[in-house]
Every structure is written in structure tokens, then in C-alpha cells.
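# After the sequence you'll find the predicted model.
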Amino acid sequence: MRALLLVAGLMVASVSGVAQAQTVVVADSTAALMSSNEARKVIEKLQVELKPQRERMEVLRKEAQAIEQRFQKDRSVLGEKGIQDLQKQAESKISEYNNLAQTVQKRSQEVQNDLLQKMLPKMEAVIDELRKAGNYDIIIEKKSVIFADTTVDITRKITEKLNAAK
């Protein structure tokens with residue numbers, strides 16, 4: 001009985017030690033970074049850069065759709081050659097569309113990687129500064145948390161510090 005009380009006492013002591021004032025906060029590092037002024041400028045510049053490709057992709061999509069509609073409408077009156085011509089046109093449009101989409105995706109990924117490489121040291125410094133200033137013991141990525149009260153979310157603080165940092 002005495003041993004049981006001793007074990008129970010040790011468990012209570014250890015649990016109360018764990019529950020003892022650990023300051024835990026959450027942050028969405030991606031949202032903080034992408035909301036920063038620097039990231040917004042980079043994204044706007046990328047959107048302008050890729051606008052012609054995206055417009056061309058939209059034209060190609062509409063042209064391929066028109067070919068499909070023509071095929072559906074005129075299938076019975078088109079000869080073998082007409083069907084083959086439409087298929088070649090559609091394949092050409094789809095191929096160009098896919099190449100453009102791949103180019104846009106690759107360029108977007110390059111810009112995102114450059115941004116991350118440039119901003120990551122700033123982000124780490126800002127997070128460390130906030131951790132020290134807020135006396136936080138643990139900062140958890142928000143995406144890994146099932147629930148967190150909005151009062152423990154420091155995402156906005158990270159963005160504000162990133163914007164203030166030069």
C-alpha cells in the first residue's frame with residue numbers, strides 16, 4: 001500500500017511538472033511568408049511575367065473545345081480525312097497547351113524556390129526573435145494542430161516582423 005501511494009505521488013508530481021506553464025503557440029509559416037510584402041511583390045511580378053502564357057493557354061483551351069464541339073456536331077458528315085484533320089488539330093492544341101502549362105509550372109516553382117531560399121533565413125530570425133520576446137517554449141506548425149485558440153496563433157506577428165525587417 002505504501003509503495004502504491006509512493007508511485008501515485010510520483011505520477012502526480014511528474015504530471016504537474018509537465019503541466020507547469022509551458023507556453024505553446026502555433027503559426028502557419030507558409031501563410032506568414034506568403035502574406036509578407038516581399039512575397040506579394042514577387043507573386044505580382046510573376047503574374048505579370050506569365051500573363052501572356054496564361055492568356056495563350058486560355059485561347060488554346062477554347063480552340064480545343066471548339067474542335068471537340070465541331071467534331072460532335074459534324075461527325076456524321078465528316079469523312080475519314082476530315083476526322084483525322086480535326087484530331088491532328090486537337091492534338092496540336094493540346095500539346096501546345098501542355099507545354100505551356102509545364103513551362104508556367106516550372107517557372108512558378110523556380111520563383112517559389114528562390115523566394116523560400118531568400119526568405120527562410122529572415123523567417124527563422126523573426127521566429128526566433130518572437131520566441132524569445134514572447135518567452136515561448138514551443139511553436140508548432142498550425143497545420144499539425146487539430147485545434148488552437150486564435151489567441152495562441154502568432155502567424156500575423158511573423159508577417160508583421162517580416163514586413164518590418166529589411
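Perfect, thanks for sending it.

# Now stretch 113-120: average pLDDT?
For stretch 113-120, the mean per-residue pLDDT is 94.

# Residues contacting that stretch, please?
Outside stretch 113-120, the residues that touch it by C-beta atoms under 8 Å, 6 or more residues apart in numbering are 33, 36, 38-39, 42, 162. Where you see a C-beta, it was placed from the backbone N, CA and C, and this is true even at glycine.

# What is the helix or strand hosting Glu63 packed up against?
Per DSSP states H and E: Glu63 is located in helix 37-74. Contact analysis of helix 37-74 by 3 or more C-beta pairs under 8 Å, 6 or more residues apart in numbering; DSSP states H and E lists helix 29-34, helix 80-134, helix 155-164 as its packing neighbours.

# now those helices as JSON lines including distance to Glu58?
Formatted as JSON lines, the helices and strands packed on helix 37-74 follow (distance: least, C-beta to C-beta, whole Å):
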{"stretch": "helix 29-34", "distance to Glu58": "25"}
{"stretch": "helix 80-134", "distance to Glu58": "9"}
{"stretch": "helix 155-164", "distance to Glu58": "32"}
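
# now for those, which one comes closest to Pro52?
Taking C-beta to C-beta, helix 80-134 is the member of the helices and strands packed on helix 37-74 nearest to Pro52, at 9.7 Å.

# tilt between that closest one and helix 37-74?
Angle of helix 80-134 versus helix 37-74, following axes from the mean of the first three to the mean of the last three C-alpha atoms, to 10 degrees, is 160 degrees.

# partner strands of the following helix or strand past helix 80-134, parallel or antiparallel?
Beyond helix 80-134 in the direction of the C-terminus, DSSP H and E gives the next helix or strand as strand 138-141. Strand 138-141 has the following sheet partners, assigned by DSSP bridges: strand 24-27 (parallel).
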